[in-house]
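In: Take this sequence and fold it.
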Amino acid sequence: MKFGLQLGYWGAQPPANAGELVVAAENAGFDAVFAAESWGSDAFTPLAWWGSRTERVRLGTSVAQLSARTPAAAAMHALTLDHLCGGRAILGLGVSGPQVVEGWYGQPFAQPLRRTREYVEIVRKVLAREAPVTSDGKHYALPYAGPGATGLGKPLKPIVHPLRADLPIWLGAEGPKNVAQTAEIADGWLAIYYAPRLAGMYNEWLDEGFARPGARRGRADFEIAASAQVVLTDEPEAEIERMRWVTSLYIGGMGAPELNFHAQVYRRMGYAAEVDEISALFQAGRKAEAAAAVPDELITDTAIFGDEAHVRTRLKEWEDAGVTMMLISVSDADQMRRLQTLVST
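Out: Next up, the predicted model:
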C-alpha cells in the first residue's frame, strides 16, 4: 500500500509549511501529493508551485470541482501540469454539492452522475487529441448551440500535444451509484470516510462498475485512495477530541439539511441516530454540543490515532480491505519523519 500527502484546501491564509511538507513527503517515500479546493484556493496552483520542488511524487487534485471549470479547461490544466512535472499528474474530479455548485459557481447541480460521465468523456477526447473535440451531451455540448450562441463555434484540438493520452483520472465518490460509475469510467477512486469494516459493501459497488460493458479497468489495475487522518501519538484521546469538531462540521454543516453527502456516508456506516442528533444541534447553532455528540467509534472507524504498533495494525486493515493508497494529512515535518518508518516498510 502506498501513501499520499493530502494538502487539502486553504483556510483563511495559505499554509506556512506546505512547501516543506511536500519535499519531506517525497524524501519520506510518499507516492503522491494531492491538493483540494472548496470555495477559496484552487487545486492546481499549489501543485504547480510546491510540486516544482519535487522530482518523483505524483501530483494530484483531490478533488477539482466539476463546476469550477469546463471539461476542456480541466483538460488544459491537467495536460499543462503533466508537461511541467514530466508525466506525474493525476486529475482527480468530483461534483461537490448543491450548496457550492449553485451557490458559489452559479451552475445547476442536477444529474451529477450524467454530468460526471460527460465531463470525463470530453477530458479524455482532449487528452487523446485524435480529432477536433465535439460532444452532443445534455450538460456539456461542443460546439455550444444553446441560447445566445452565434453559430460560429468551431470544434478544436488542443494546440499543445498532451504528454499522456492516458493521464489518470480519479473520481471522488461517496454513494453506491457514483462509486459504481467511478469503477466503470475512471482509473481510481478517491474515497472519503472509508471504513475498512464496510469493505464488502464497497466491493459490491465497485464490482458492479467493473462488470459493465466497456469498463475502463478491472480491480487489478484500479487505484483506491482513501483519505484518512493518521497520527502517531501517545495521546490518541486528544486527536479524537480535535476530530469531533471537524466531523461535526462535515456532518452538520458541509451540505444542506436536505442533501448532505457526508452525512449519508455515516448513515450507511450505521450512525443514523447520531447523524440526526449532530445535524440538529449544528444547524441550531449549538456547535459545541454537536461536537460533543460525535462518538469516539464514529471517528476511529475512518481514522487512525495511536502508537506505532497500533497504527501498523490498523494500516494493515485498510490494505487488506483493498485500499491501494492511504491519503493522509500531516501537520508538520516532524510528524512526517515519524511516519517515514511506516511508509518505508
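In: Just the terminal-to-terminal distance for stretch 299-309.
Out: This stretch, stretch 299-309, spans 19 Å end to end (C-alpha to C-alpha, to the nearest Å).
In: The protein: strands as residue ranges?
Out: Using DSSP state E, the strands of the chain run over 2-6, 32-35, 58-61, 64-65, 89-94, 135-136, 141-142, 169-172, 188-192, 223-227, 229-232, 303-306, 325-328.
In: Just send the ones you listed back as CSV, with distance to residue 238 too.
Out: The way it works is simple: take the backbone N, C-alpha and C, and place the C-beta from them, glycine included. Compiled in CSV, the strands of the chain are given as follows (distance: least, C-beta to C-beta, whole Å):
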stretch, distance to residue 238
strand 2-6, 21
strand 32-35, 26
strand 58-61, 30
strand 64-65, 33
strand 89-94, 31
strand 135-136, 51
strand 141-142, 52
strand 169-172, 29
strand 188-192, 23
strand 223-227, 21
strand 229-232, 9
strand 303-306, 9
strand 325-328, 18
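In: Including mean neighbour count, distance to residue 25 and mean pLDDT, could those go into a markdown table?
Out: Formatted as a markdown table, the strands of the chain follow (neighbours: other C-beta atoms under 10 Å; distance: least, C-beta to C-beta, whole Å; pLDDT from 0 to 100):
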| stretch | mean neighbour count | distance to residue 25 | mean pLDDT |
| --- | --- | --- | --- |
| strand 2-6 | 22 | 4 | 96 |
| strand 32-35 | 27 | 6 | 98 |
| strand 58-61 | 26 | 11 | 98 |
| strand 64-65 | 24 | 20 | 98 |
| strand 89-94 | 26 | 15 | 98 |
| strand 135-136 | 14 | 37 | 97 |
| strand 141-142 | 18 | 38 | 97 |
| strand 169-172 | 25 | 18 | 98 |
| strand 188-192 | 25 | 17 | 96 |
| strand 223-227 | 24 | 14 | 97 |
| strand 229-232 | 20 | 13 | 92 |
| strand 303-306 | 21 | 18 | 94 |
| strand 325-328 | 25 | 10 | 96 |
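In: Which one of these lies nearest to residue 343?
Out: Residue 343 lies closest, by C-beta to C-beta, to one member of those: strand 2-6, at 4.9 Å.
In: Give the ranges of residues in the protein that sit below the confidence cut-off.
Out: Applying pLDDT under 70 to the chain picks out residues 255-260, 345.
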